[in-house]
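A.B. asks: Next one to model:
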Amino acid sequence: MSSVSIECVAREGCRIGESPVWDEREGALLYVDITGRKVCRWSPVTRQAQAIALDAPVSSVALRQSGDYVITLGTRFAALKWKEELVTTITQVDKDKANTRFNDGKVDPAGRYFAGTMAEEIRPAVLERRQGSLYTLFPDLSVVKHFDQVDISNGLDWSLDHRTFFYIDSLSYSVDAFDYDLQTGKIGNRRSIYKLEKEESIPDGMCIDTQGKLWVACYDGGRVIRLDPETGKSLQKMDWNFVLKKNKTKKPKRRNKNKEWGVGFFHLTEIVYLLLFKNCFFFFFFFLFLIISNSFMSLLSKITFVNMSPLFPASVVLEKIKSLRRPSLCL
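C.D. replies: I've put the predicted structure just below:
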């Protein structure tokens, strides 16, 4: 895993793109735009994405065994029929709270839908704390709350032997593990297997690879961390900003003459430069003019000191960015 290649496949301009799931039946990649309030389906054939707009923040999407999808919409588990663009509420959680919504969610190996809630954010990662909970939607449409007092319920996945459940509550800066009973869906014996440092930023989404290692995306950190859940050690860090710089095709910077000369009088220093060094005749008359006009000299000196920056190129501002098969819900 020393060399990792990263490619952007869907350039749809999501506000908060999350929950990637591969739909093998449709041969398409599903994902959601939470605050954009839409579920998207991207085709590798057409390299285009279709989207269904919804009436609330949609935070995760899962495959349904009987066809189509199940989503977490606001504080609801809901069924989504793609062709009909029809949403049907299955059940609602957090009925006693007016300011929460679902966040990340996934289906476990036995076909149960795990998803957690959080308070609505005032601004990114700033919110009323301890308002969230972790829930499971069972195939019989019953819902179980595992625990509450959650800040931002986030990444979750299961070990390859299905005996351990991994979970992230973002503001705890911890990746946690639980003993997991595949038959009943019960979890217990919570413990921290990796504690992130503040400079690693906030742990967000998470998945497990074919070697049983965890990949954790760091919100506002521009990186993904690969962890060994057995040893609690960080194995690899992918700096997203570094990848962007490395893969970015640089285009020659075009000089915007309209912008440069649009300020007119304030670029007098460039004119002065041409007159002084390119033409002695103009230099003589310009020098004479400066001697006669003290007020103009004063103004020129201010312009020279304040507006030298257009003579030098501006720094380039880089654009900041911030196996997906999943089990199907047994419905």
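A.B. asks: quick one: residue 106 and residue 210, what's the gap?
C.D. replies: For residue 106, the distance to residue 210 equals 17 Å [Cβ to Cβ, to the nearest Å]. Backbone N, C-alpha and C define where each C-beta goes, glycine included.
A.B. asks: Compare these two (neighbour count), which wins?
C.D. replies: More crowded of residue 106 and residue 210, by other Cβ atoms under 10 Å: residue 106, with 22 against 7.
A.B. asks: Could you confirm that one falls within a strand?
C.D. replies: Yes - when classified by DSSP: H, G, I helix; E, B strand; the rest coil, residue 106 is found to be part of a strand.
A.B. asks: That one and residue 7: what is the separation?
C.D. replies: Distance from residue 106 to residue 7, by Cβ to Cβ: 23 Å.
A.B. asks: can you give me the helices in the stretch 101-250 of the chain?
C.D. replies: Taking DSSP state H, counting those that start in this stretch to define them, one finds helices in the stretch 101-250 of the chain at 240-247.
A.B. asks: so where do the strands sit in it?
C.D. replies: Counting by DSSP state E, counting those that start in this stretch, the segments of the stretch 101-250 of the chain that form strands are 113-119, 121-123, 126-127, 132-137, 143-150, 153-158, 164-169, 174-180, 187-195, 202-208, 214-219, 223-228, 233-239.
A.B. asks: Let me know which of the ones you listed is tucked in deepest.
C.D. replies: strand 113-119 (a mean of 26; mean count of other Cβ atoms under 10 Å).
A.B. asks: Which of the strands of the stretch 101-250 of the chain sits closest to residue 329?
C.D. replies: Evaluated over the strands of the stretch 101-250 of the chain, closeness to residue 329 peaks at strand 113-119, with 5.2 Å, by Cβ to Cβ.
A.B. asks: what's the angle from the closest one to strand 143-150?
C.D. replies: Strand 113-119 and strand 143-150 are oriented at 40 degrees to each other (axes from the mean of the first three to the mean of the last three Cα atoms, to 10 degrees).
A.B. asks: who does strand 113-119 touch, helix- and strand-wise?
C.D. replies: strand 58-63, strand 100-107, strand 132-137, strand 143-150, strand 153-158 (3 or more Cβ pairs under 8 Å, 6 or more residues apart in numbering; DSSP states H and E).
A.B. asks: quick check: angle from that strand to strand 153-158?
C.D. replies: 160 degrees.
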